[in-house]
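Trainee: model this:
(chains A, B, C and D)
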Protein chains: 2
Amino acid sequence: MANIKDIARMAGVSVATVSRVLNEHPYVSEEKRAAVLEVVRSLNYSPNINAVHLIKGKTNMIGVIIPYINLPYFNSIMEGIAEEALKANVHLLVSQTNYAVNKENELLNMLKTKQIDGLLICSRSLDWKSIEAYAQYGPIIACEDAKNDKISSVYIDHYAGFRQAMQLLLDKGHRSIGYCLGRGHSYNSTNRRRAYEDALASMNLPIREDCMFYQCYSIEDGAAVVRQLMDMPLRPTALLVAGDQVAAGLIGEAIKCGLRVPEDLAVISFDNHPISRLFDITTIDNRLTEIGRTAFSLLLERLQNQEEPVRHIELPFRLIERATV
Amino acid sequence: MANIKDIARMAGVSVATVSRVLNEHPYVSEEKRAAVLEVVRSLNYSPNINAVHLIKGKTNMIGVIIPYINLPYFNSIMEGIAEEALKANVHLLVSQTNYAVNKENELLNMLKTKQIDGLLICSRSLDWKSIEAYAQYGPIIACEDAKNDKISSVYIDHYAGFRQAMQLLLDKGHRSIGYCLGRGHSYNSTNRRRAYEDALASMNLPIREDCMFYQCYSIEDGAAVVRQLMDMPLRPTALLVAGDQVAAGLIGEAIKCGLRVPEDLAVISFDNHPISRLFDITTIDNRLTEIGRTAFSLLLERLQNQEEPVRHIELPFRLIERATV
DNA sequence: ATGAAAGCGCTAACAT
DNA sequence: ATGTTAGCGCTTTCAT
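Mentor: Numbering: from 1, shown residues only, chains lettered A, B, ... in the order given. Down below sits the predicted model:
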């Protein structure tokens, strides 16, 4: 394959001039520029990017640790990241980890070996202690509350969100409230469960394990919850549902089963995806896309200025009242 | 960050020795090896991979163009690829394209700039003409029938598969047969549709557009087809369903709707995923994982030996008769 | 405006 | 067994 020397020789210029043309630097005469471009075109030449990476000391590529690209929650974050990356002309190395630590370590190691310039973490299995050891090799930004002095973060206060949703339900008179979550033991889920229990405790209400549903991700999962509900002697009158898709499936199935929403079953969901508008679901907008956008911007700042301090940005959520409460 | 020179100096050896230790070459004394390893450990050193890539002229990384990682069809292919890549110690740069050409071009360009050593294509939007132009930069292997003299391929004859399934249904006496596919205009879908029409024509049976369903990917989609079926005055008595998930959803819903399978509705599906065994579905094993495995092996061969010729391997499918016909 | 040359961090051929 | 050294292909000073 041709290299920059070949191009220089064939165009009758020096390699420096070829490089200038390729990188759109000023101070190149029109004739030489044209000559170089012509040779480049005729040979269908592209620079060896590995040489560029080596000399520049960076790859213009950042890694993204994301458990499941297709889950709406992460998909929304990814949307914000991709949007900003496109603007900044930064390439994304997206690794769908399925929460496997070896996948996470792989990207961490790529940061160390300079294959990527920085790392965005949407959600992870590794603890922050293991991750922060890599912060010396390049900026790492989390899309969840990291509480770490080496790793910047952008997040929503899920405790407060859940708490506010609970309050709304309690104010409406509900005394038997359940919830649907995804993973039971993630950082976010733990906070949400705490908010749930604290809200109940504040009213001296009992905690009922049979009203807590986990592994809820899809429309189907939501429908399945309703089928379980139908068999319960003491059905909860309201449900907090993490994820509009789950809520939609749940409401659809509830109606099929003859339940009235919100009279027989009130629902508050989270994320404010388009589907929640379609079903007129009361939801808490977690501003996921903005989290992604902001996280990327934070990373870019640190890339451009090493001295940029670690920051923790909490984005305010927003309750959107619609017809399911 | 420390480089190999620093390590050499601190360990009191030459850079060559450090390189030998790092790459586990023979002919290094135990003392020097230990000294080097100790410095490497204490400095937490990793080689700059871009320099390695540059001098070696390769990255040990291959790209994978895959439209949707989470679709069972592609997931199975990916499984085979990942399995072999792990064995060969080759890294995968998996790009979920959603069939967007710019994503496909991105990987093609990475091949050209030597960021990846080769490319595996599970399914694509770009035509082979555009793709083959990049074959000069590194091996490209397709997991579908490529009919191209620059690009090797591993594939199943979907025409024959559909044709055989149709014949089984016709032999059983069915005269009103429909099908469920994903994308309507992909190469595979076109072949399947042709097989479907040819089979019908061979019996002088009419082609009914209302029995052809598209955009079928999930359990939910299958269930939705049944709901449409229920409203039809002239319901087909049998269905060819591309994808066991769709078939499972379809059968589940059919039973709910009071249809007997196979008496009222016969089903043949494709891929032989675990779920088809669960539902006892008659299916055609498309050996997707083996396609992935074989495609990777083909790529590896071409990587190790430039002279390896372009090959086209057709894997035989296998009809698995169970209870839905 | 242009070119010569140094050097990014590494591997491997060659010499000893 | 170990070291010296010539590149890999590019960007970027520094001269001119």
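Trainee: Tell me how chain A divides into domains.
Mentor: For chain A, automatic domain parsing gives the domain ranges A:4-47, A:61-156+A:288-317, A:158-285.
Trainee: Nearest to B:Arg235 among those would be which one?
Mentor: domain A:158-285 (22.6 Å; C-beta to C-beta). All C-beta spots, glycine's among them, are computed from the backbone N, C-alpha and C.
Trainee: ok, the closest residue to A:Met230 other than its chain neighbours - contacts?
Mentor: Nearest residue to A:Met230, sequence neighbours excluded (C-beta to C-beta, 6 or more residues apart in numbering or on different chains): A:Cys257, at 5.6 Å. If you count contacts by C-beta atoms under 8 Å, 6 or more residues apart in numbering or on different chains, A:Cys257 has them with A:Val226, A:Arg227, A:Met230.
Trainee: that's a helix at A:Val39, yeah?
Mentor: Yes. With DSSP: H, G, I helix; E, B strand; the rest coil as the criterion, A:Val39 is located in a helix.
Trainee: Now do the contacts for it.
Mentor: Going by C-beta under 8 Å, 6+ apart, A:Val39 touches A:Ile7, A:Met10, A:Ala11, A:Tyr45.
Trainee: related to what we said a few turns ago, could I get the domains of chain A as CSV with distance to A:Thr324 and mean pLDDT?
Mentor: Output for the domains of chain A, formatted as CSV (distance: least, C-beta to C-beta, whole Å; pLDDT from 0 to 100):
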stretch, distance to A:Thr324, mean pLDDT
domain A:4-47, 54, 95
domain A:61-156+A:288-317, 17, 94
domain A:158-285, 4, 94
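Trainee: mind checking how far the residue of the stretch 51-200 of chain A found nearest DNA strand C is from A:Asn48?
Mentor: Residue of the stretch 51-200 of chain A nearest DNA strand C, by C-beta to the nearest atom of the strand: A:Ile55 (3.4 Å). Using C-beta to C-beta, to the nearest Å, one gets 11 Å for the distance from A:Ile55 to A:Asn48.
Trainee: who has more neighbours, those two?
Mentor: For A:Ile55 versus A:Asn48, neighbours defined as other C-beta atoms under 10 Å in any protein chain shown are more numerous around A:Asn48 (20 against 11).
Trainee: Which residue comes closest to the more buried one once chain neighbours are left out?
Mentor: The shortest distance from A:Asn48 to any non-neighbouring residue, by C-beta to C-beta, 6+ apart, is to B:Lys114 (5.3 Å).
Trainee: Only the buried residues of stretch A:302-320, if you could.
Mentor: A:Arg302, A:Leu303, A:Val310, A:His312, A:Leu315, A:Phe317, A:Leu319 (16 or more other C-beta atoms under 10 Å in any protein chain shown).
Trainee: typed the wrong thing, it's stretch A:178-188
Mentor: Using 16+ other C-beta under 10 Å as the test for burial, stretch A:178-188 gives A:Gly178, A:Tyr179, A:Cys180, A:Leu181, A:Gly182, A:Arg183, A:Ser186, A:Tyr187, A:Asn188.
Trainee: burial of A:His25, as a residue count?
Mentor: Other residues near A:His25 come to 11 when the count uses other C-beta under 10 Å.
Trainee: Which secondary structure state does it sit in?
Mentor: coil.
Trainee: and the residue lying closest to A:Cys211 once chain neighbours are set aside, which of the three is it?
Mentor: Distances taken as C-beta to C-beta, 6+ apart place A:Gly178 nearest to A:Cys211, at 3.1 Å, with adjacent residues excluded. Per three-state DSSP, the local secondary structure of A:Gly178 is strand.
Trainee: Just put the buried residues of stretch A:302-320 in JSON lines and tack on secondary structure and distance to chain B.
Mentor: Below are the buried residues of stretch A:302-320 laid out as JSON lines (DSSP: H, G, I helix; E, B strand; the rest coil; distance: C-beta to the nearest C-beta, whole Å):
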{"residue": "A:Arg302", "secondary structure": "helix", "distance to chain B": "16"}
{"residue": "A:Leu303", "secondary structure": "helix", "distance to chain B": "16"}
{"residue": "A:Val310", "secondary structure": "coil", "distance to chain B": "20"}
{"residue": "A:His312", "secondary structure": "strand", "distance to chain B": "27"}
{"residue": "A:Leu315", "secondary structure": "strand", "distance to chain B": "27"}
{"residue": "A:Phe317", "secondary structure": "coil", "distance to chain B": "28"}
{"residue": "A:Leu319", "secondary structure": "strand", "distance to chain B": "29"}
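Trainee: tell me the secondary structure for the residue of the stretch 51-200 of chain A closest to DNA strand C?
Mentor: Recorded secondary structure, A:Ile55: helix (three-state DSSP).
Trainee: repeat for A:Ser269
Mentor: On the three-state scheme (three-state DSSP), A:Ser269 is labelled strand.
Trainee: so which helix or strand takes in the closest residue to it other than its chain neighbours?
Mentor: Distances taken as C-beta to C-beta, 6+ apart place A:Ala247 nearest to A:Ser269, at 3.5 Å, with adjacent residues excluded. Applying DSSP states H and E as the criterion places A:Ala247 in helix A:244-256.
Trainee: ok, A:Gln167 - contacts?
Mentor: Applying C-beta under 8 Å, 6+ apart to A:Gln167 gives the contacts A:Ala199.
Trainee: State the distance from the residue of the stretch 201-325 of chain A found nearest DNA strand C to A:Tyr137.
Mentor: Nearest residue of the stretch 201-325 of chain A to DNA strand C: A:Gln306, at 15.2 Å (C-beta to the nearest atom of the strand). Distance from A:Gln306 to A:Tyr137, counting by C-beta to C-beta: 12 Å.
Trainee: can I assume A:Leu259 is in contact with A:Leu265?
Mentor: Yes. Shown here, A:Leu259 and A:Leu265 form a contact pair, counting by C-beta atoms under 8 Å, at 5.0 Å.
Trainee: These two: which is more packed in?
Mentor: When neighbours are counted by other C-beta under 10 Å, A:Leu265 comes out ahead of the other of A:Leu259 and A:Leu265, with 22 against 18.
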